[in-house]
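[1] I'd like to go over a predicted model; first the sequence, then the structure.
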Amino acid sequence: MAKRNGRGGDVVEMELDLEAGWACQLLAKFGARSDLNLDGDCPGLTYLLKNGVPASHVDVIRANYLAELTIARSAGFEDGIRRLIYQFDIADTAVNRERAMSKMFEGRAAALLDIDDRHDLVDRSLSEFTGGGRSNKFVVEGKPVEVEPVAASSLMLAKESKPAPTATGYPAARENRLPRPLTARGAERQNGSG
C-alpha cells in the first residue's frame, strides 16, 4: 500500500506494517482465547522481546492486538472460519476452528513481516526494528528561514476597480467618493516601489 501511495521508502509505513504483523503473530501463536495484556510477566510480552521487538513499539502492538482480537472473537469472523473449514471437508470442532484461525493470522503476520519484499526502498538504519533508530525530531535544527508576510490572495488577485459611470455617462466627482482600500498593487504605487 505504501508504494501505491508514493511512500515506498517511508520508514514509518514499514514500522506500521511490522507492528500490525507482530499483533497478528501474537494471535497466531497464542490464539483468540488468550487475553494478553503485554505488561509485566505476560507471555506475549516475553515472546515479543525475545524476538527482538523494541520495547518502544509494544504499546502500538498492544493496540493492534486488541483490535485484531476483537475481530477474531466476532461472530462474523467465526462464521467465516466455519465456512472455510466446511469447504475443505474438515470437521467443525473447536480445535479445528482455532487451528484455522491461527493459520489465517499466521499468514497475515507473514505477509506484514516480510519487509524485504514489501519495503525494499526503506533505509533500514532508520528503524529500531531493523537495528537502527529513528530520531523523533521534527524541528529543523538551525536558523529557520524568514519569510515576509504576504497579502491575502484575494487582495493580490483583485484588479483595480474603476467607478461605474453615472446616469449621464460621466464618472462621479473624485471628492464625493469614499477612499478605496489599498490593493497590493496600489500599496506598491503609493510607496514608489512598483
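    All right, it came through fine.
[2] Can you show me the helices along the protein?
    Using DSSP state H, the helices of the chain run over 11-30, 43-50, 58-72, 75-87, 94-113, 115-118, 153-157, 184-191.
[3] nearest to residue 36, of those helices?
    Of all the helices of the chain, it is helix 43-50 that lies closest to residue 36, at 3.5 Å by C-beta to C-beta. Yep, even glycine has a C-beta here, placed from its N, CA and C like the rest.
[4] Where in the protein is the helix or strand with the lowest mean pLDDT?
    One helix or strand of the chain scores below all others by mean pLDDT, DSSP states H and E: helix 153-157, with a mean of 42.
[5] circling back: now the helices of the chain as TSV including distance to residue 127 and mean neighbour count?
    Formatted as TSV, the helices of the chain follow (distance: least, C-beta to C-beta, whole Å; neighbours: other C-beta atoms under 10 Å):
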stretch	distance to residue 127	mean neighbour count
helix 11-30	5	21
helix 43-50	16	16
helix 58-72	13	17
helix 75-87	31	13
helix 94-113	13	16
helix 115-118	9	13
helix 153-157	41	11
helix 184-191	47	13
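[6] Least confident of these, on average?
    Sorting the helices of the chain by mean pLDDT places helix 153-157 lowest, at a mean of 42.
[7] Residue 57 - nearest residue in space that isn't next to it in sequence?
    Nearest residue to residue 57, sequence neighbours excluded (C-beta to C-beta, 6 or more residues apart in numbering): residue 19, at 5.7 Å.
[8] Please report how far that neighbour lies from residue 41.
    22 Å (C-beta to C-beta, to the nearest Å).
[9] Residue 47 too?
    Separation of residue 47 from residue 41 (C-beta to C-beta): 12 Å.
[10] same question, residue 84
    To residue 41, residue 84 is 35 Å away according to C-beta to C-beta.
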